[in-house]
Structure formats: C-alpha cells, structure tokens
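Asks: Got a predicted model here, sequence first, then my questions.
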Amino acid sequence: MTEENKKAPNKNVKGFEESLWDAANKLRGSVESSEYKHIVLSLIFLKFISDKFEKQREKLVADGMGDYVYMVEFYAKDNVFYLPEEARWSFIQKQAKQDDIAVKIDTALHTVEKNNVSLKGALPDNYFSRLGLDSSKLAALIDTINNIDTVANECHMTEEDLVGRVYEYFLGKFAANEGKGGGEFYTPKSVVTLIAEMLEPYKGKIYDPCCGSGGMFVQSLKFIDSHKGSKKNISIYGQEYTSTTHKLAKMNLAVRGINGNLGDVAGDTFFKDQHPDLKADYILSNPPFNQKQWRADNELVDDPRWSGFEVPPTGNANYAWIMHMISKLSENGTAGFVLANGSMSSNTGGEGTIRQKIIENDLVDCMIALPGQLFYTTQIPVCLWFLTKNKKENTELGYRDRQGETLFIDAREMGTMVSRVHKELTTDDIAEIAKTYHGWRGEKKDGNYEDKAGYSKSATLEEIKANDYVLTPGRYVGAAELEDDGIPFEVKMKELSQTLYSQMEQAEELDKAIRQNLEVLGYGK
C-alpha cells in the first residue's frame, strides 16, 4: 500500500460497505442468510466489470477508435471483460423494477461467462431464478449497489482495491454471522497476513490446496504490492471442494485482475488432485481442522503422496494435508499453514510416527502457537506450521544454514479483542512475529536473533527428540523472566508477612461482627 493509500480517508468506503450489508439484510425472510453472499457478491461483481467495460469503451471513443468498441480483443488486452448490452449493469439497473429481474440477472451472468473464457465455471447458473426472490427487495439491493462508484472514487484506491475491500468485508461478515458454515471458506485476515509476511512470496508458484474464497492468494499479492514487487513474477494454483465457494474464489480473483488456475471444476484435493505435477515455491493454506472419515479404510493406501511415511489415519486428515503439501513443494519451497493445536502432539492413528519422520527429515522450520478467539468458526486453539525443503545457506535470499534447527514462537498472549468474542492480531503483532522469524533465518534487515524466554526458542533436533517429537512451542520457550524490582527477598518477605498478619486480624474482627449480628437476629448458637 502506498503512503497515499495509508492516509486516505475511508469513512465513505465504510459507509457504503455498511449500507450494502443493511441492503442484504433486507433479503431476510426471502432467502436464508447463507445465500446472501452469492446474491450480493454476484451483483457487485457484475457492477464492477460493467464499470470497467464502460470506462474502456469511453477510452476507445476518446482515442478515436469508436469503430472498435464492439471488438472483444480491444477489451481483453487491458484485462477488461467484453459485455454485450444484456450483460451490462446499466441494463440490469433499468430493469430492476420488473417482475422478471431475477431471470435478467441470470441471463446477464450466463452471457458474461459465455463471452469470457477465463470465467468458465465462475458464475452462478440460474441462481437468482431458483431462489424465488422477492423482486422488490432485489430491486432495493440493486439500487444500493448502483450507488457504488467503483471507478471514480474519493479513496485513492484502484477499482480492484475498492471492490476487493467490499469482498473482504462481506466474506468476514458472512463468516461472523453464519458461524461454522460461513467460515469454512474464510480465514481471518490477520492470520493470512501473518503467513504472507512470514513466507514473503515474491516470485514463483503459489499454491493453496483448499483455497476457499481465495484469501491466501489475495494477501500474497497485497504483500507483493506493498513491497514494490511485481505480480508478473508469480503464478497462482489452487483447488476448492465446494462448488459455490469455488465460484466465489474465481470471482474474488477476477475482481482484482488476478489470473489463477483453480482447476476446471470444484473437487476433492485428495481424490481429484487437479494439479498432480505441480511443484510450488510457496504454499499458503488453512485446511479443514480435524477432518473425519476423509477416506475409507481401503482408499488411497498406496498414494505416492505418503511415500516415505505411514499412511495417514482415516479418522483425521490433518497429516494427510501436511503430507500432501510436502509432496507439492519445490526443491527450495516453503509452506505455511493453519492446523488445530492437536496436530503438534497427537499420537493417534500413527500421527506421532509421521510427525517424527517429518522432524527427522528436517522439514519443520518454525512452529507458532496462536492466541484463541481468532476464528469466527471455531474455539479450537490453532497453530501455524512452517515447513521448508531446504534449510541450507542461501546467499541470494540472505538465509543462514539452519539445518538441524527449528524455531518455536509462543504468540498466545498477543492479539487484541475487537468484539466480545473475537480477537485479531495487530499490525505490530504481525511485524514482531515476522521479524523474529526472519532474524532467525539470518536476514540482516531484521537484526540478529536471540531466544526470548516465554516467547521464542531456537531448538535443535536433539531437543525436540528429548521432548518426544512434540512440537508445542510452550515446551521449548519456557516461562518469561520476571522483572527484578530491586527489593531484597528478606525485605519483601517481611513486608508481605506484615500485610498478611494485618489481613488476618481484620478477618477476625469481621467474623466477630458477623456473629454478633446473627445473635441479634436470633440465630446464635
């Protein structure tokens, strides 16, 4: 983000975000709240690409190229989707009060997808017609969305930033309001930001095997932008199991002008891996926690992804996800992902044996224990794993030789409550954790690393072995040192003892007064 963006006022943006949410809530009674996201985000998407189309068409006319306003290639070259008249927002807005507006929206979305190959499978199919929406409520929502000026705004953002922010706001709102079902595709922004800041995905292939709505990709590109990198140096690969969420991910990338390979269709990563030959430089992911019965007893027992390890148990997919990601790493690749805390110590179904092998293969670079209440969807304590295929010295990146070492960070005391039940990592928290990791890796820009009791510890493989291959940071970082107040123990003990005796005498006086009051009331012995 530029300095200009940092200073930009955001009250107007927040205002229309909230007005959009209010408009979406007016659908209550017509559809389930779990459907809001598909309705609202589809309409925002249509408004956004229409605004970009109109802007490009005006530019062609201004440049004296009016004869080319109907030629798809003069839009595609600038990453603008060409839209026939019936697919434009202006058409939808004019027809908003008609009883068949739902049919017209479906037609528009179908037309957009048909005319733009990169959107194949991204947009809802006959979705609005099937819902049987109240047309007046839908018209009110269209009017509200019509007030969003995605091109000429006063917030000094690009249109991708603006619409992307709306997407982020809504996905977070849906997760908070829907509970578990809403959060299956949403990872808290502060957690995603931390993973991106830790891995620093500047160039190469970025992969997420369970990408949800695409938040990991978006944050990776935000990292590149904020550090003056180039999006041209990265390529994106992902996969998502749920069809509607797969569509959300494609739209989320499209509104930000990001090209990514999310597979042709939604599919189970374990049974329908759509990137079988991929070797990724960076993996950022938030797999489903403690996924049960993810395979039958006789399924995937000889899968090459488990090569060199025990077959992961059927009752929990945590280690299946870990090994899948290890199999996808390039020779120098690194992975950062979220898992339930139990993954750091579990011995159920052979998980302890698999973890031991991962540690002995020197793949574990860093483990972070996160504070509770970060997720909208679960109170299960979570942690971050960071794996790497290569801990050897890398002079180009400034990494020292870390072979045989693993960094443990206990961040459970970090974070700030932003609501009664929800906590977020602050910008300073994220910066401190990332700086600790980068300094430990040997990056001079982040200073020299030193262990800090109660917070971080660089442990050897022998120390991890002595702890039965458990990866819980609390086992290694120890307790924070108490600050010495300079008062000798004898003096402090005498003062405390005098305070205690005084309190005991006061207690005796209070007991005596209570007995007297009880006797006066006729409740004596």
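Replies: Yep, that arrived.
Asks: Can you read off the backbone torsions of K279?
Replies: phi -130, psi 110 (degrees, to the nearest 10).
Asks: Quick check, it in contact with S327.
Replies: No - contact criterion CB atoms under 8 Å: K279 and S327 do not qualify, at 9.1 Å. Any C-beta I mention is one placed from the backbone N, CA and C, and that applies to glycine too.
Asks: average model confidence for stretch 106-125?
Replies: Stretch 106-125 shows a mean pLDDT of 86.
Asks: In it, which of the residues would be classed as buried?
Replies: 106-113, 116, 119, 122-124 (16 or more other CB atoms under 10 Å).
Asks: which of K279 and S327 has more neighbours?
Replies: Between K279 and S327, counted using other CB atoms under 10 Å, the more crowded position is S327 (18 against 15).
Asks: helix/strand/coil for that one?
Replies: With DSSP: H, G, I helix; E, B strand; the rest coil as the basis, S327 sits in helix.
Asks: count of residues packed around the closest residue to it other than its chain neighbours?
Replies: Distance criterion CB to CB, 6 or more residues apart in numbering; nearest residue to S327, sequence neighbours excluded, is R305 at 4.3 Å. When neighbours are counted by other CB under 10 Å, R305 registers 17.
Asks: All further residue positions should be reported with the first residue as 19.
Replies: Okay, using 19 as the starting number, the last item reads as R323.
Asks: From what I see, R323 and M341 are in contact.
Replies: Yes - assessed by CB under 8 Å, R323 is found in contact with M341 at 5.5 Å.
Asks: Now render the buried residues of stretch 124-143 as TSV, adding secondary structure.
Replies: Output for those, formatted as TSV (three-state DSSP):
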residue	secondary structure
D124	helix
T125	helix
A126	helix
L127	helix
H128	helix
T129	helix
V130	helix
E131	helix
N134	coil
L137	helix
A140	coil
L141	coil
P142	coil
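Asks: any idea which of those is closest to S363?
Replies: When the buried residues of stretch 124-143 are ranked by distance to S363 (CB to CB), A140 comes first, at 40.7 Å.
Asks: Contact partners for that closest one?
Replies: Applying CB atoms under 8 Å, 6 or more residues apart in numbering to A140 gives the contacts 131, 265, 268-269, 272.
Asks: So it versus A267, what's the distance?
Replies: Computed with CB to CB, to the nearest Å, the distance linking A140 and A267 is 8 Å.
Asks: What is the neighbour count of F241?
Replies: 19.
Asks: Next up, the contacts around it.
Replies: F241 sits next to 211, 214-215, 218-219, 247 when contact means CB under 8 Å, 6+ apart.
Asks: Now do the SS call for it.
Replies: Per three-state DSSP, F241 ends up helix.
Asks: so where do the helices sit in the stretch 219-368 of the chain?
Replies: In the stretch 219-368 of the chain, the segments counted as helices under DSSP state H, counting those that start in this stretch are 233-244, 261-272, 336-346.
Asks: would you turn those helices into JSON lines with distance to L539 and mean pLDDT?
Replies: Formatted as JSON lines, the helices of the stretch 219-368 of the chain follow (distance: least, CB to CB, whole Å; pLDDT from 0 to 100):
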{"stretch": "helix 233-244", "distance to L539": "65", "mean pLDDT": "86"}
{"stretch": "helix 261-272", "distance to L539": "67", "mean pLDDT": "84"}
{"stretch": "helix 336-346", "distance to L539": "63", "mean pLDDT": "98"}
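Asks: I'd like those helices as CSV, with distance to E423 appended.
Replies: Output for the helices of the stretch 219-368 of the chain, formatted as CSV (distance: least, CB to CB, whole Å):
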stretch, distance to E423
helix 233-244, 25
helix 261-272, 36
helix 336-346, 19
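Asks: closest to Y455 out of the ones you listed?
Replies: Once the helices of the stretch 219-368 of the chain are compared by CB to CB, helix 233-244 is nearest, at 14.4 Å.
Asks: buried stuff in that closest one?
Replies: For helix 233-244, the neighbour count (16+ other CB under 10 Å) marks 233-243 as buried.
Asks: Between those residues, which sits nearest G540?
Replies: Checking the buried residues of helix 233-244 against G540 by CB to CB gives G233 as the nearest, at 69.5 Å.
Asks: correct me, but the closest one touches V209?
Replies: No - using CB under 8 Å, G233 is not in contact with V209; the gap is 9.4 Å.
Asks: Break down the stretch 319-468 of the chain into its strands, ranges please.
Replies: Using DSSP state E, counting those that start in this stretch, the strands found in the stretch 319-468 of the chain span residues 347-358, 382-387, 400-406, 423-428, 434-435, 441-442.
Asks: so which of these gets nearest F188?
Replies: strand 441-442 (17.6 Å).
Asks: chain center to the closest one, what's the gap?
Replies: Per CA atoms, centre = their mean, to the nearest Å, the displacement of strand 441-442 from the mean C-alpha position of its chain is 13 Å.
Asks: now stretch 360-368
Replies: 24 Å.
Asks: how long is it end to end?
Replies: Distance across stretch 360-368, first residue to last, is 13 Å (CA to CA, to the nearest Å).
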